[in-house]
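In: Okay, sequence plus prediction incoming.
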Amino acid sequence: MLDVAVIEEPAAAEASLDPMRARLLAALAEPGSAAMLAARLGLPRQKVNYHLKELERHGLVELAEERRKGNMTERVYRATAASYVISPAALAALTSVSPDPSRSPDQLSARWLLALGARLVQEVGSLLTGAARARQRVASFGIDARVRFASAADRAAFAEELSQAVADLVGRYHDESAPQGREHRLVVGLHQIPTTPPGPPSPAAPDVPDVPDVPDTPDADSPTPQEN
């Protein structure tokens, strides 16, 4: 299981945003079967099994193991990642809107910083997808620091010095004529840390969406013929 996975496909993003499937993804941090999840969440097993198949189709859950219980085969699933990030590229395909920092660059704008972050998720997500296919690692580097300013003037002075330091470093190492050079993007973000962190999602169960009528065929936990 990955620590974090980036969802780039619009259909997978749409599946992950479904309230029922989001609950199943959260529950599958620990492996479980349709029957186990149905009992844990208080939902009909047929609905759970239907949504599990959809999540598996989009690569959000995977088969962990199959267990034989008498004349039954129990399929045990797990989430493919501990957490998911939806790339703006996926949402852009659904909404025709994608954050673009070049529209109104303003270093003092929180919305511009948000657009930079969205672009970061989109580009790093694309790198991770390509690296996974090539079975390679992504070369990356990040800095995470906390700064407590005594005043707004100090914050402004810090931003000015940081801008100058970054400009000096970029000017020193940027080589436009390097024939084998690779372009990298540097983003430095500074924002106030929220005093009240977001609370956990409400435990109240959302409405269960209707499941299309399906013929009476054995599901993942139905009896199967005994092996000789």
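Out: Sure, I can see it.
In: What is the least confident helix or strand in this structure?
Out: Ranked by mean pLDDT, DSSP states H and E, the weakest helix or strand in the chain is helix 88-95, scoring a mean of 67.
In: So which elements touch whichever helix or strand comes after that one?
Out: Once helix 88-95 ends, the next helix or strand along the chain (criterion: DSSP states H and E) is helix 110-134. The contact analysis (3 or more Cβ pairs under 8 Å, 6 or more residues apart in numbering; DSSP states H and E) places helix 110-134 against strand 5-7, helix 88-95. Yep, even glycine has a C-beta here, placed from its N, CA and C like the rest.
In: redo that, cut-off 10 Å
Out: Under the contact criterion of 3 or more Cβ pairs under 10 Å, 6 or more residues apart in numbering; DSSP states H and E, helix 110-134 touches strand 5-7, strand 84-86, helix 88-95.
In: I would like the residues contacting that helix, please.
Out: For helix 110-134, the external contacting residues (Cβ atoms under 10 Å, 6 or more residues apart in numbering) are 2, 4-9, 85-92, 98-107, 109, 136-140, 142, 185, 187-192.
In: can you do 7 Å?
Out: For helix 110-134, contacts defined as Cβ atoms under 7 Å, 6 or more residues apart in numbering pick out 6, 8, 85, 87-89, 99-101, 104-106, 137-138, 185, 187, 189, 191.
In: what do you get for stretch 83-93?
Out: The contact list for stretch 83-93 (Cβ under 7 Å, 6+ apart) reads 4-10, 13, 16, 98-99, 118, 121-122, 125.
In: Drop the exposed ones from these and show what's left.
Out: Buried subset of the contacts of stretch 83-93 (neighbour count, 16 or more other Cβ atoms under 10 Å): 5-10, 13, 16, 98-99, 118, 121-122, 125.
In: any idea which of these is closest to Thr80?
Out: Ala5 (6.1 Å; Cβ to Cβ).
In: ok, that closest one to Leu127 distance?
Out: Distance of Ala5 to Leu127, computed by Cβ to Cβ, to the nearest Å: 13 Å.
In: what are the ranges of the helices in this protein?
Out: Using DSSP state H, the helices found in the chain span residues 10-17, 19-27, 34-41, 45-57, 88-95, 110-134, 152-173.
In: got those as JSON lines, with distance to Ala64 columns?
Out: Below are these laid out as JSON lines (distance: least, Cβ to Cβ, whole Å):
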{"stretch": "helix 10-17", "distance to Ala64": "19"}
{"stretch": "helix 19-27", "distance to Ala64": "13"}
{"stretch": "helix 34-41", "distance to Ala64": "12"}
{"stretch": "helix 45-57", "distance to Ala64": "11"}
{"stretch": "helix 88-95", "distance to Ala64": "26"}
{"stretch": "helix 110-134", "distance to Ala64": "19"}
{"stretch": "helix 152-173", "distance to Ala64": "45"}
